[in-house]
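Peer 1: let's see this in three dimensions:
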Amino acid sequence: MYQGNLAQEHPLLPALLRRILQEVIGDGSRWLSAKTGKHDDLLPEFVGDGRLFLILSEDLSQPVAERRAEYHDEHLDIQVLLSGREWMGVGPFTGPHSRADHPHPDLFFVDTPAQSLVALLPGDFVIFPPGELHTPLCTPLAPAGLRKIVVKVHRSLLPE
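Peer 2: A predicted model of the protein is given here:
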């Protein structure tokens, strides 16, 4: 996991991830009024090939105990909070990677509880490489609305 804020520079990230943060997300303001849903016209060289896309959503956070942890085999997640507050469950996953519970391609749920919570404010982001466990949309407080971006980067675009 890598955690940061859009206002910072991130020289240790691979060039493509820095480019996504700078050119696609920027300061996040253009996404505040954009239409929710999937966007795949992010960078010209990847339009239509399915390896790079963004999901813009408005969700309601839930108590940690009501959320399930997830991971992805094929995609890295860049999760950016635009408005509201979100706590992200993080922690190592040491259990078997059961394929029995995956409602969508490359989305696998497990019942391993988060070991730690990372608090996110607008402009904060976290990056999860393929296979890393995370529990999004959590709150230790009362559920509340939030708006966020999840950029999906296929593992074939990542450096070896």
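
Peer 1: poorly predicted segments of this protein, please.
Peer 2: 96-101 (pLDDT under 70).

Peer 1: give me the neighbour count for the closest residue to Leu117 other than its chain neighbours.
Peer 2: In space, and not counting its chain neighbours, Leu117 is closest to Trp87: 4.5 Å by C-beta to C-beta, 6 or more residues apart in numbering. All C-beta spots, glycine's among them, are computed from the backbone N, C-alpha and C. Applying other C-beta atoms under 10 Å, we find 22 residues neighbouring Trp87.

Peer 1: from what I see, Tyr71 and Val110 are in contact.
Peer 2: Yes: counting by C-beta atoms under 8 Å, Tyr71 touches Val110, with 7.2 Å between them.

Peer 1: more neighbours, these two?
Peer 2: Neighbour tally, Tyr71 and Val110, criterion other C-beta under 10 Å: the higher count belongs to Tyr71, 21 against 18.

Peer 1: what distance do you get for the more buried one to Val150?
Peer 2: Taking C-beta to C-beta, to the nearest Å as the criterion, Tyr71 is separated from Val150 by 14 Å.

Peer 1: show me where this structure has its helices.
Peer 2: In the chain, the helices defined using DSSP state H lie at 15-19.

Peer 1: and the strands in it?
Peer 2: 2-5, 37-39, 52-60, 62-63, 69-71, 75-83, 86-90, 108-110, 116-120, 124-128, 134-139, 145-154 (DSSP state E).

Peer 1: how about residues contacting the fifth one?
Peer 2: Outside strand 69-71, the residues within contact range by C-beta atoms under 8 Å, 6 or more residues apart in numbering are 89, 93, 97, 107-114, 128, 130-136.
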